[in-house]
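[1] Return atomic coordinates for the entry below.
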Amino acid sequence: MTNLAQGRRNRSTSGVVALIGLPLDAHEELSATGLGIAPFEVAVDAGDLADLRPRAVVIAADVPDLAGQVSAAQRAAPDVPVYVSCDRIELGVLEPALAAGARGILPTRGNRDALPALLARRDHALERWRSVVAPGLIGDDESLRTAIQTVYDVCDTDVTVLITGESGTGKEVFARALHDGSLRREGPFVAVNCAAIPDQLVEAELFGHTRGAFSGAVESRKGRLQAADGGTLFLDEIGDMPLPVQAKLLRVLQEGRVTPVGSDQAIAVDVRIVAATHRDLAEMAEHEQFRSDLFYRLSVVDLCLPALRERKGDILTIALHFLRAFSERHGRQLAGFDESAIRALLAHGWPGNVRELANVVHRGVAVRRSGFITARDLQLDRRLASATPRAMAAVTPPLGVTVPPGVAAAAGATAAPAAAGTTSSGDGLNLRIALEALERSLIEQALERANGNRSEAAALLGLNRTTLVEKLRKRG
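    Numbering: from 1, shown residues only. Sure, this is the predicted structure:
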């Protein structure tokens, strides 16, 4: 089919998607979703495209002058999203297309669920706001756009917002968007991870303290609430905040005043609170593990972020974003992702969400110095995070490591006699010591392979750099 009349034969009540240069099996797959399609072999006239008024345009990555066709489609139908369809991701081809206005990347096959979710009802004013204020919110899936719509609706108010979602879904990115879109954007954005601060220090960290308020308080210090005066305070993992500190935070929300530890003088602060957690605060409140009055005060607006596995259509677009960022950081000249890498990325369940995807792509960039990243580089089939001790002996560990003999014995495998210090008295091994030995071996080999570069070693291990640094610090 090459002309407009033929394309319109497949029009349905759900709208038409213009397909340019896609193979026949891709047409059939999209037709099965209920979407009307208008296929074109190579290109479509701008006038015809404007008359067609499609819901979206999907252009194959291998058509001539891809970036030019994206630009032409944007001019002919400015409010219509344009996507690029590909079997492999080539930076040299896709970056110009994205710069020309393509909204994202789709696999040539496997769009049965992805494309319909991307084509849900759109708010074009929201899209324009997002491109200017919140470009870091990457993705186009309906579930993500619902969350972005909430940010758009409430960002210019001072209401408290509770962001919920699994770990790694991008809660701080959304908190930052709430701040950047608000009237407080010129003020400070202060982020605090409540889970990373020892319980005995949380109160002083948030509210500040006077000199001599406690042992080690050699001078007075402003807390994070005062540091955020005139701006936004983001309290990440607020479900880990101690109950006594919750009571004091509630008073700040009610009165807008902070009393530092060791002082009886209240200080006025003008702060917007945005909180986040991966825990169920309502259930915690029922079991008196979280103050119910604080929960209600925080959840004036609830913002629930989708897991990455629920927005499959965004995976390749996000992966390309990380590929560009990490390639630039490490000075790599990479071509993109090959077909095997794309299949691996789309098949993975992503329990660690966007953070896991970032680490996986970072690993691929670290180990591949040129050409295309492959599925082998990503090592998604070698993840040990959820492996049981018995499974550890059965899998091939990353980086070609040799599993310490003590660990193999703990996993029930036939092994050489355990190394000194890895066994405990009695019938078996001390599992904690055995796992520590495995971790130590992996870290040492990663550092050796990365020539001592901690960022690259962390990427090879699937860790944040700060996590690796902390592990090395504990080891001395």
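[2] who are the neighbours in contact with the residue nearest the centre of the chain?
    The centroid of the chain falls nearest to residue 354 when counting by C-alpha atoms, centre = their mean (2.5 Å). Residues near residue 354 by C-beta atoms under 8 Å, 6 or more residues apart in numbering: 168-170, 308, 318. Just so you know, the C-beta spots here come from the backbone N, C-alpha and C atoms, and that holds for glycine as well.
[3] for residue 343, same thing?
    Counted by C-beta under 8 Å, 6+ apart, residue 343 has contacts residue 375.
[4] just the one 3 residues further on next, same as before
    With contact taken as C-beta under 8 Å, 6+ apart, residue 346 is in contact with 107, 110, 312, 315-316.
[5] By neighbours, which of these wins?
    residue 315 (25 neighbours; other C-beta atoms under 10 Å).
[6] can you tell me the helix or strand for that residue?
    helix 315-330 (DSSP states H and E).
[7] and the gap between residue 321 and residue 202?
    To residue 202, residue 321 is 34 Å away according to C-beta to C-beta, to the nearest Å.
[8] thinking again about what came up before, with distance to residue 278 and pLDDT as extra columns, can I get the contacts of residue 346 in TSV?
    Below are those laid out as TSV (distance: C-beta to C-beta, whole Å; pLDDT from 0 to 100):
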residue	distance to residue 278	pLDDT
107	29	87
110	29	69
312	21	87
315	21	93
316	25	93
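[9] Which one of those is nearest to residue 75?
    Closest approach to residue 75 among the contacts of residue 346 (C-beta to C-beta): residue 316, at 25.2 Å.
[10] from memory that closest one sits against residue 102, does it?
    No. Residue 316 is beyond contact range of residue 102, at 11.9 Å (criterion: C-beta atoms under 8 Å).
[11] Report the secondary structure state of the residue nearest to the centre of the chain.
    helix (DSSP: H, G, I helix; E, B strand; the rest coil).
[12] Report the angle between whatever helix or strand comes next after the helix holding residue 315 and helix 315-330.
    Per DSSP H and E, the first helix or strand lying C-terminal to helix 315-330 is strand 333-337. Angle, strand 333-337 to helix 315-330, by axes from the mean of the first three to the mean of the last three C-alpha atoms, to 10 degrees: 170 degrees.
[13] Sheet-wise, list the partners of strand 333-337 with their directions.
    strand 89-90 (antiparallel), strand 370-373 (parallel) (DSSP bridges).
[14] deepest of these, which one?
    strand 89-90 (a mean of 22; mean count of other C-beta atoms under 10 Å).
[15] Tell me which helix or strand comes right after that one.
    helix 91-99.
[16] buried stuff in that following helix?
    91, 93-94, 96-98 (16 or more other C-beta atoms under 10 Å).
[17] what do you get for stretch 456-476?
    So for stretch 456-476, counting by 16+ other C-beta under 10 Å, buried means 456-464, 468.
[18] Then stretch 74-91?
    Applying 16+ other C-beta under 10 Å to stretch 74-91 flags 74, 76-77, 80-91 as buried.
[19] about what we covered before: just the contacts of residue 346 now: which is nearest residue 225?
    residue 315 (37.9 Å).
[20] pLDDT below threshold where in the stretch 301-450 of the chain?
    382-434 (pLDDT under 70).
[21] which residue ranges form the helices in it?
    315-330, 339-347, 353-367, 375-378, 389-392, 405-410, 431-449 (DSSP state H, counting those that start in this stretch).
[22] for the stretch 101-250 of the chain, same thing?
    Going by DSSP H, counting those that start in this stretch, the stretch 101-250 of the chain shows helices at 114-118, 124-133, 142-154, 171-180, 199-207, 224-227, 243-255.
[23] I'd like the ones you listed laid out as a markdown table, including mean neighbour count, mean pLDDT and distance to residue 296.
    A markdown table is the format used below for those (neighbours: other C-beta atoms under 10 Å; pLDDT from 0 to 100; distance: least, C-beta to C-beta, whole Å):
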| stretch | mean neighbour count | mean pLDDT | distance to residue 296 |
| --- | --- | --- | --- |
| helix 114-118 | 21 | 71 | 32 |
| helix 124-133 | 13 | 72 | 28 |
| helix 142-154 | 19 | 89 | 17 |
| helix 171-180 | 21 | 94 | 19 |
| helix 199-207 | 19 | 89 | 20 |
| helix 224-227 | 20 | 94 | 20 |
| helix 243-255 | 15 | 93 | 10 |
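[24] Need the pLDDT of the closest residue to residue 362 other than its chain neighbours.
    Leaving aside its sequence neighbours, residue 362 sits nearest to residue 459 (C-beta to C-beta, 6 or more residues apart in numbering; 3.8 Å). Model confidence at residue 459, expressed as pLDDT, equals 73.
[25] Make JSON lines from the helices of the stretch 301-450 of the chain and add distance to residue 114 to it.
    As requested, these are exported to JSON lines (distance: least, C-beta to C-beta, whole Å):
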{"stretch": "helix 315-330", "distance to residue 114": "9"}
{"stretch": "helix 339-347", "distance to residue 114": "9"}
{"stretch": "helix 353-367", "distance to residue 114": "16"}
{"stretch": "helix 375-378", "distance to residue 114": "20"}
{"stretch": "helix 389-392", "distance to residue 114": "32"}
{"stretch": "helix 405-410", "distance to residue 114": "40"}
{"stretch": "helix 431-449", "distance to residue 114": "34"}
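[26] can you tell me which of those comes nearest to residue 269?
    helix 353-367 (31.2 Å).
[27] Send me that closest one as CSV with only the CA atoms.
    Extracted in CSV, the C-alpha atoms of helix 353-367 (Å, rounded to 0.1, in the frame of the first residue of the first chain):
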residue,chain,number,x,y,z
ASN,A,353,13.1,-0.4,37.6
VAL,A,354,14.8,2.6,36.0
ARG,A,355,17.7,2.5,38.4
GLU,A,356,18.4,-1.1,37.4
LEU,A,357,18.2,-0.2,33.7
ALA,A,358,20.7,2.6,34.3
ASN,A,359,23.1,0.3,36.0
VAL,A,360,22.7,-2.4,33.2
VAL,A,361,23.4,0.2,30.5
HIS,A,362,26.3,1.6,32.5
ARG,A,363,27.8,-1.9,32.6
GLY,A,364,27.4,-2.3,28.9
VAL,A,365,29.1,1.0,28.2
ALA,A,366,31.9,0.1,30.6
VAL,A,367,32.7,-3.3,29.0
